[in-house]
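Novice: Okay, here's the prediction I keep looking at, along with the sequence it came from:
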Amino acid sequence: MAPTYHTDTKSPTKSVSLLKVPCASDTVVFEPLQLPSLENTALLPWNALSVLTDPWPGLWAANFQLELEGTTWIQEIVDMIEQNGDVAKCQRAIIQHRHPFIEWARPPQPSGVEKANTMPSPRTLRTHLPTQLLPPSFWENNCKFLYVARNAKDCMVSYYHFQRMNQVLPDPGTWEEYFETFISGKVGWGSWFDHVKGWWEIKDRYQVLFLFYEDMKRDPKCEIQKVVQFMGKSLDETVLDEIVQETSFEKMKENPMTNRSTVPKFILDQSISPFMRKGTVGDWKNHFTVAQNERFDEIYRQKMEGISINFCMEL
Ligand SMILES: Nc1ncnc2c1ncn2[C@@H]1O[C@H](COP(=O)(O)OS(=O)(=O)O)[C@@H](OP(=O)(O)O)[C@H]1O
């Protein structure tokens with residue numbers, strides 16, 4: 001049965017559900033997922049990102065799954081690694097078409113799950129799902145996950161502008177209104193706090209490479225090298241340097257295969273805010289008032305209490 005995904009343009013979203021899709025026993029089985037309401041759950045990628053792989057006899061991996069903010073960036077990095085730095089091969093399709101987005105379903109287009117089911121292994125998939133909503137077979141098959149977390153304040157800013165320019169999402173309102181929406185977790189894919197905590201807490205029990213967006217900005221070569229190793233690949237130094245260069249913000253902003261310029265304006269209106277907006281660490285300082293910052297720090301302290309995760313807030 002095809003998944004259903006209902007959205008009303010710039011109005012509150014109704015519901016989303018993913019239903020069971022038949023799979024071969026050696027591939028991931030998509031179990032039924034019931035997301036109660038997009039008001040409280042996830043609709044969009046925004047604060048971190050994961051890639052996952054499931055094992056396939058004789059191969060390094062069968063799936064990658066990408067999640068949350070930095071998604072496009074890590075997708076391009078993973079694809080460049082898979083293509084051994086061959087830029088032309090990475091130009092074969094726009095980034096959204098290279099890795100099925102498993103919770104995506106907008107009939108009559110084939111859903112992400114339908115696309116995934118037609119792919120040979122190893123597969124690279126993308127999702128923004130929190131751990132508790134991921135189909136259990138991802139865990140059961142010992143898939144690899146690559147998760148990129150971004151600090152909450154920059155996520156809030158980036159996601160706000162994304163929601164302003166995304167014409168199929170509810171209007172985010174003013175910055176002040178969105179600040180409250182974000183804190184309450186009533187944003188796409190749910191609470192940043194719960195999402196990050198969920199992935200952080202399971203990272204040592206499964207094959208999770210937990211990356212930070214800020215580290216990727218500070219030392220992309222080092223972080224890309226970690227991804228290469230995680231994927232079980234080895235690349236020449238020159239190829240690695242090429243990947244660093246090609247996946248820089250500046251290059252990806254110019255690249256029509258990654259900058260979403262092919263998406264029609266009635267979906268993404270880049271005259272409101274470009275998809276590849278700033279790509280920096282610390283833009284929150286241009287948005288948060290002193291009072292908002294103090295309040296956010298207190299809420300962060302409460303919600304992340306006991307979690308040994310440290311985010312870099314500026315470079
Ligand atoms: N190469 C590179 N370097 C640095 N930053 C990058 C890069 N590619 C994408 N981005 C920034 O990621 C933000 C968009 O997040 P996502 O790609 O997860 O969005 S989406 O899930 O695909 O909708 C968005 O962040 P902001 O610019 O801060 O809004 C993008 O600019």
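Specialist: Yep, that arrived.
Novice: quick one: the strands in the stretch 101-250 of the chain?
Specialist: Taking DSSP state E, counting those that start in this stretch, the strands of the stretch 101-250 of the chain run over residues 144-149, 207-212.
Novice: Can you tell me which of these is packed in deepest?
Specialist: Across the strands of the stretch 101-250 of the chain, averaging neighbours per residue (mean count of other CB atoms under 10 Å) puts strand 144-149 on top, at a mean of 28. Just so you know, the C-beta spots here come from the backbone N, C-alpha and C atoms, and that holds for glycine as well.
Novice: Quick check: residues of the stretch 151-300 of the chain near the ligand?
Specialist: Within reach of the ligand by CB under 6 Å from any ligand atom, the stretch 151-300 of the chain has these residues: 158, 161-162, 247-249, 252, 276-279, 283.
Novice: ok so, going back, now tabulate the strands of the stretch 101-250 of the chain in TSV and tack on mean pLDDT and distance to residue 116.
Specialist: What follows is the strands of the stretch 101-250 of the chain, written out as TSV (pLDDT from 0 to 100; distance: least, CB to CB, whole Å):
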stretch	mean pLDDT	distance to residue 116
strand 144-149	91	15
strand 207-212	93	19
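Novice: Nearest to residue 287 among these would be which one?
Specialist: Closest approach to residue 287 among these is made by strand 144-149 (19.5 Å; CB to CB).
Novice: Do that closest one and the ligand come into contact?
Specialist: No: residues of strand 144-149 contacting the ligand under CB under 6 Å from any ligand atom: none, with a closest distance of 8.3 Å.
Novice: Parallel or antiparallel, which strands does that strand pair with?
Specialist: strand 48-49 (antiparallel), strand 52-53 (antiparallel), strand 207-212 (parallel) (DSSP bridges).
Novice: nearest spatial neighbour of residue 258, skipping sequence neighbours?
Specialist: Nearest in space to residue 258, with sequence neighbours left out and distances taken as CB to CB, 6 or more residues apart in numbering, is residue 252 at 4.4 Å.
Novice: Next SSE downstream of the helix or strand residue 75 falls within?
Specialist: If you go by DSSP states H and E, residue 75 is part of helix 71-82. Following helix 71-82 in sequence order, the next helix or strand is helix 87-90 (DSSP H and E).
Novice: If you count neighbours, what's buried in that next one?
Specialist: residue 90 (16 or more other CB atoms under 10 Å).
Novice: Quick one: mean pLDDT for that helix?
Specialist: Averaging pLDDT along helix 87-90 yields 97.
Novice: name the helices or strands packed onto it?
Specialist: Applying 3 or more CB pairs under 8 Å, 6 or more residues apart in numbering; DSSP states H and E, one finds that helix 87-90 contacts helix 71-82, helix 237-246.
Novice: one more time with 7 Å
Specialist: helix 71-82 (3 or more CB pairs under 7 Å, 6 or more residues apart in numbering; DSSP states H and E).
Novice: How about residue 194: what's its closest non-neighbour residue?
Specialist: residue 130 (6.3 Å).
Novice: ok, now residue 179?
Specialist: In space, residue 179 comes closest to residue 292 once its chain neighbours are excluded; the distance is 5.8 Å by CB to CB, 6+ apart.
Novice: swap in residue 256?
Specialist: residue 262 (6.2 Å).
Novice: isn't there a helix covering the one you found?
Specialist: No: judged by DSSP: H, G, I helix; E, B strand; the rest coil, residue 262 forms no part of a helix; its state is coil.
Novice: what's the helix or strand for residue 295?
Specialist: Taking DSSP H and E as the definition, residue 295 sits inside helix 290-303.
Novice: in that helix, what counts as buried?
Specialist: Buried residues in helix 290-303, counted by 16+ other CB under 10 Å: 292, 296, 300, 303.
Novice: returning to what we had before: so which of the residues of the stretch 151-300 of the chain next to the ligand is the most crowded?
Specialist: residue 247 (25 neighbours; other CB atoms under 10 Å).
Novice: Next one, pLDDT for that residue please.
Specialist: Reported pLDDT for residue 247: 98.
Novice: residues in contact with it?
Specialist: Residues counted as contacts of residue 247 (CB atoms under 7 Å, 6 or more residues apart in numbering) are 73, 76-77, 80.
Novice: show me where the stretch 101-250 of the chain has helices.
Specialist: For the stretch 101-250 of the chain, the helices defined by DSSP state H, counting those that start in this stretch cover 112-117, 136-140, 152-165, 175-184, 192-202, 213-218, 220-230, 237-246, 249-254.
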